[in-house]
Each structure stands twice: as C-alpha cells, then as structure tokens.
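The sequence and its predicted three-dimensional model are supplied below.
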Amino acid sequence: MKFLELISVGKTFRSGGKPPAEILTGIDLHIEKGEFVAVIGHSGCGKSTLLSMIAGLEDATAGSVCLREHEISGPGPERAVVFQHHSLLPWRTVLGNVMLAVDAVFAREAKAERRARAERWLEKVGLKEHMLKYPHEISGGMKQRAGIARALSMEPEVLLLDEPFGALDALTRAQLQDEVVRLHAENGLTVFMVTHDIDEAVYCSDRIVMMNVGPRASIGQILDVPFARPRERISLMESEGFAHLRARCIRFLYDQKGKQVPVATPIPVPDPVVGEPALAG
C-alpha cells in the first residue's frame, strides 16, 4: 500500500473579481512511510501551500492528496503541523499547551494518563524541567521545542514542518535540527519539511524536492540524499558529499532565476618569508 501520495495536484486561488492565480500544477510525489522529505524553492513557488494541502488546511483544486490510498479531505490527528511561529497560548503553561493536543486526541484516556503522555513528550524534547513555565518565561528555542512536543504528543504518522526554525539563531536552529532528526529516527516518523535553508535540507532529509519558480510551479528536480543514519553533524557537513549536494541545490535555485553562479577567483597565497618559522596547523 502506498503511504503518502500527491497525484497530479494543482492549486488555484480565486479572489473577488481578480483573475485566478494558479500557484501549483502537475505535482506528482510519492513519500514512503518513515521517509524525511525536504522541499526547497524560491518564495512564491507554493511550498507552504503544498504542505497545507497535506495537512488538510487547503483543498487541491486539481488532482488528489492521499494518505494510505484515502484522499485527504481535512485536518486529522495523524498529520501534525509545526509552523515557524510556535503559536503557544500565552495564558497556558508549557504543559497546558501540550495538554490541549493530548486532550483533543486522547479524550477517552484518564486524566493522569493524558498528563503522563504530555510529560513524556516534554521530556523527549528537553523541557520537563520547564513544563510549568509560561511562554513569556522561556526562550524562542524552548517555545519551538514546546510546539514540537505538542505536535508529537498527538502521536501522528506524518510530521509537517513549515520553516519551523527560520526565526531562530544559528546555534539554536542546529540544536533543534538535531532534535528533529533524532525524534524522526526514534519514532519512525514520516517528515515533510518546507525550508529555505539548504544546509538544513541536506543534513536532515532523505530526499530534497526542488520546486520550479511560480506561478504554475511544479517539481523541478528530486535529489536523493544518500547519507547513512544516524548522522554526525560536523563530519557530515565537512564532507565532499555534503558540499556536492549543497552545490547542486544552489545551482538549481540560481538557474531558476536565470542567473549564473559566479566562479570564485583563486586567492594567491604569498610565499613564506625567508627565515620566518612556519606556523603549525
């Protein structure tokens, strides 16, 4: 049985008396269970619209979006979304925010069981000690961790990430990328991530879907990421394989805008000064 499938999907927006705006056309994509797929492309190419259709927040105007060979017709707990903004309710604690999702999906469980479920996911994302704090009392990275815990507390089959780390500093973003990669491996999640960060796409994913520019955007290329898991960040990012895949993504994005990647001019290395001792390393 096929797991997650987009079949000839198109999306057209209509607004008032304006001409229809066709955003996406002819999207065909099959995602295996447990696969991590990243989507990159220029702004306006319909990446987030694609994610919203998988989430059931938007309807396709052409084709079908199917999960386990059943057409998606709306949101469901088997598909959880984490957006760029954490969307935590400020009057609820971190635990209270996660309990919102747990109570909705596992309403038949006893209260103690639901709380234990929420606490377990907060512990997995490193927030157990902060669960009674309010959103204004924790950092931006912690807020995103809480958002991820809330999504995963629903125990979804598909985790949808819409640029979830885009507003964070580089170090916090790297830490949360590592966290998502770990959770993906430990829980057998299928992950569909929209990102503008090429390094993030190459480091996290099994395949990178590269979108043509809009309007009427389609899939330009799909790039396989062959690195074994688990992945060690520093050694992977310093490897020739990582640099090669990163360059292919950059080349594709440049080509989409009709630009050529400038060739770097080699910097001449001066001869060492005679009599000056060489520096180690």
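Nice, I can see it.

where are the low-confidence patches of the stretch 1-150 of the chain?
Counting by pLDDT under 70, the stretch 1-150 of the chain contains no low-confidence residues.

quick one: the strands in it?
Per DSSP state E, counting those that start in this stretch, the stretch 1-150 of the chain carries strands over the ranges 4-13, 21-31, 36-40, 62-67, 70-71, 79-82.

And the contacts of the third one?
Think strand 36-40. Residues from elsewhere that reach strand 36-40 (C-beta atoms under 8 Å, 6 or more residues apart in numbering): 29, 31, 47, 50-51, 181, 184, 190-196, 198, 200-201, 204-211, 249, 253. Just so you know, the C-beta spots here come from the backbone N, C-alpha and C atoms, and that holds for glycine as well.

Just the buried residues of those.
Buried members of the contacts of strand 36-40, counted by 16 or more other C-beta atoms under 10 Å: 29, 31, 47, 50-51, 181, 184, 190-195, 198, 200-201, 204-211, 249, 253.

so of those residues, which ones are in helices?
Those of the buried ones among the contacts of strand 36-40 mapping onto helices are 47, 50, 51, 181, 184, 198, 200, 201, 204, 249, 253, per DSSP state H.

before we move on, back to that, of the strands of the stretch 1-150 of the chain, which approaches residue 146 most closely?
With distances scored as C-beta to C-beta, the stretch of those nearest to residue 146 is strand 79-82 (10.2 Å).

Would you format the strands of the stretch 1-150 of the chain as JSON lines with distance to residue 228 included?
Listed next are these as JSON lines, based on distance: least, C-beta to C-beta, whole Å:
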{"stretch": "strand 4-13", "distance to residue 228": "23"}
{"stretch": "strand 21-31", "distance to residue 228": "20"}
{"stretch": "strand 36-40", "distance to residue 228": "13"}
{"stretch": "strand 62-67", "distance to residue 228": "28"}
{"stretch": "strand 70-71", "distance to residue 228": "33"}
{"stretch": "strand 79-82", "distance to residue 228": "26"}
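
So for residue 123, which of those strands sits nearest?
Once the strands of the stretch 1-150 of the chain are compared by C-beta to C-beta, strand 79-82 is nearest, at 18.1 Å.

Model confidence for residue 263, exactly?
Residue 263 carries a pLDDT value of 45.

Got the phi and psi for residue 42?
Dihedral pair for residue 42: phi -70, psi 160, per degrees, to the nearest 10.

ranges for the helices of the stretch 151-281 of the chain?
170-187, 198-204, 233-237, 240-256 (DSSP state H, counting those that start in this stretch).

Strand 36-40 and the first one, what's the angle between them?
The reference is to helix 170-187. 140 degrees (axes from the mean of the first three to the mean of the last three C-alpha atoms, to 10 degrees).

and helix 170-187, what does it pack onto?
helix 140-152, strand 158-162, helix 198-204 (3 or more C-beta pairs under 8 Å, 6 or more residues apart in numbering; DSSP states H and E).

tell me which residues in it are buried?
Buried, per 16+ other C-beta under 10 Å, within helix 170-187: 172, 173, 174, 175, 176, 177, 178, 179, 180, 181, 183, 184.

The third one now?
Applying a neighbour-count criterion of 16+ other C-beta under 10 Å, one finds nothing buried in helix 233-237.

quick one: low-confidence parts of the stretch 151-281 of the chain?
For the stretch 151-281 of the chain (pLDDT under 70), the answer is 258-281.

follow-up on the earlier one: kindly present the buried residues of helix 170-187 as CSV, with separate columns for distance to residue 57.
CSV is the format used below for the buried residues of helix 170-187 (distance: C-beta to C-beta, whole Å):
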residue, distance to residue 57
172, 27
173, 25
174, 29
175, 28
176, 23
177, 24
178, 28
179, 25
180, 21
181, 25
183, 23
184, 22
